[in-house]
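In: would you be able to build a 3D model of this:
(chains A and B)
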Amino acid sequence: NAGVTQTPKFRVLKTGQSMTLLCAQDMNHEYMYWYRQDPGMGLRLIHYSVGEGTTAKGEVPDGYNVSRLKKQNFLLGLESAAPSQTSVYFCASSFSGVETQYFGPGTRLLVL
Amino acid sequence: GENVEQHPSTLSVQEGDSAVIKCTYSDSASNYFPWYKQELGKRPQLIIDIRSNVGEKKDQRIAVTLNKTAKHFSLHITETQPEDSAVYFCAASILPGNQFYFGTGTSLTVIP
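Out: Got it, this is the predicted structure:
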């Protein structure tokens, strides 16, 4: 039981490049979330999903897209990376939305 | 949406002393308040949580208190140890639901 995993751990992009971050969970959780963490700003929700095939916007969705084609996976895409998207990205999941969220190990992204 | 404020942003205590971190929230409908601990370079991990039908919860050296009238909740760590050094985040949420609103974090240093 690996819990929540994220791929890759670290990535450097040039401005304008695209990439996809993968989150996977093996806990059969319905709800999945993508956060970004910036110094002094805590964790801010980008997008979330309440089940396979569903997605919704969070607090800071601009510049990101997501997909939940399989229950266990939640993908975060950056179509045209900008330096302002330099951050640490955390994925999280919860069973039903009435329990706490469990976080992945994070992806550190640097956009030059 | 919900606004969570957390104080102090940094806290240094001597080993064996107590540490208190305070959070306030704005939405009186919030009913779930988790606390996360994040060690340097690691993922946030749940250390304790409280629901709005409870005023206090304790787990060994850690306790959380909730004052619904004043809309604030606090984390108390007693007999602090060097391994308690980390960043602590509070959050508020309305369950069942999707969005956790996080505070900006408190960096706790326990001095041996």
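In: going by C-alpha atoms from here, please, whenever you check contacts or count neighbours.
Out: Will do.
In: residue A:68 against residue A:53, yeah?
Out: Yes. Counting by Cα atoms under 8 Å, residue A:68 does reach residue A:53; the two are 5.2 Å apart.
In: more crowded one of the two?
Out: The neighbour comparison of residue A:68 against residue A:53 (other Cα atoms under 10 Å in any protein chain shown) goes to residue A:68, with 20 against 12.
In: give me the beta-bridge partners of residue B:38?
Out: Following DSSP bridges, residue B:38 is listed with bridge partners residue B:87.
In: mind checking how far it is from residue A:34?
Out: Noted for residue B:38: a distance of 17 Å to residue A:34, by Cα to Cα, to the nearest Å.
In: which of the two has more neighbours?
Out: residue A:34 (26 against 19).
In: now the closest residue to residue B:53 other than its chain neighbours: how far from chain A?
Out: Excluding the flanking residues, the one nearest residue B:53 by Cα to Cα, 6 or more residues apart in numbering or on different chains is residue B:31, at 7.9 Å. Distance, residue B:31 to chain A, using Cα to the nearest Cα, to the nearest Å: 10 Å.
In: just give the number of residues close to residue B:31.
Out: Residue B:31, neighbours per other Cα under 10 Å, totals 17.
In: residue 94 - how many residues pack around it?
Out: Since you didn't name a chain, this refers to chain A. Count around residue A:94 with other Cα under 10 Å applied: 21.
In: switch to chain B, please.
Out: 21.
In: okay, it: pLDDT?
Out: At residue B:94, the predicted lDDT confidence score is 82.
In: so in terms of bridging, what pairs with the residue positioned nearest the centre of chain A?
Out: By Cα atoms, centre = their mean, chain A has its centre lying nearest to residue A:34, at 3.0 Å. Counting by DSSP bridges, residue A:34 is bridged to residue A:47, residue A:91.
In: which residues touch residue A:34?
Out: Applying Cα atoms under 8 Å, 6 or more residues apart in numbering or on different chains, we find residue A:34 in contact with A:45, A:46, A:47, A:48, A:76, A:89, A:90, A:91, A:92.
In: how about residues contacting the helix or strand residue B:66 falls within?
Out: When elements are assigned from DSSP states H and E, residue B:66 belongs to strand B:62-67. Strand B:62-67 has contacts (Cα under 8 Å, 6+ apart) with B:48-50, B:52, B:54-58, B:72-78.
In: what's the following helix or strand after it?
Out: strand B:72-77.
In: can I get the CA coordinates of that next one in PDB?
Out: Coordinates of each C-alpha in strand B:72-77 appear next as PDB, following Å, rounded to 0.1, in the frame of the first residue of the first chain:
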ATOM      1  CA  HIS B  72     -10.800  30.200  16.600                       C
ATOM      2  CA  PHE B  73      -8.900  27.000  17.300                       C
ATOM      3  CA  SER B  74      -5.500  26.300  18.800                       C
ATOM      4  CA  LEU B  75      -2.800  23.600  18.700                       C
ATOM      5  CA  HIS B  76      -1.100  22.900  22.000                       C
ATOM      6  CA  ILE B  77       2.100  20.900  22.200                       C
END
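In: what comes up buried for it?
Out: B:72, B:73, B:74, B:75, B:76, B:77 (16 or more other Cα atoms under 10 Å in any protein chain shown).
In: count of neighbours near residue 66?
Out: By default, I'm working from chain A. With other Cα under 10 Å as criterion, residue A:66 counts 24.
In: ah, no, chain B please
Out: Residue B:66, neighbours per other Cα under 10 Å, totals 22.
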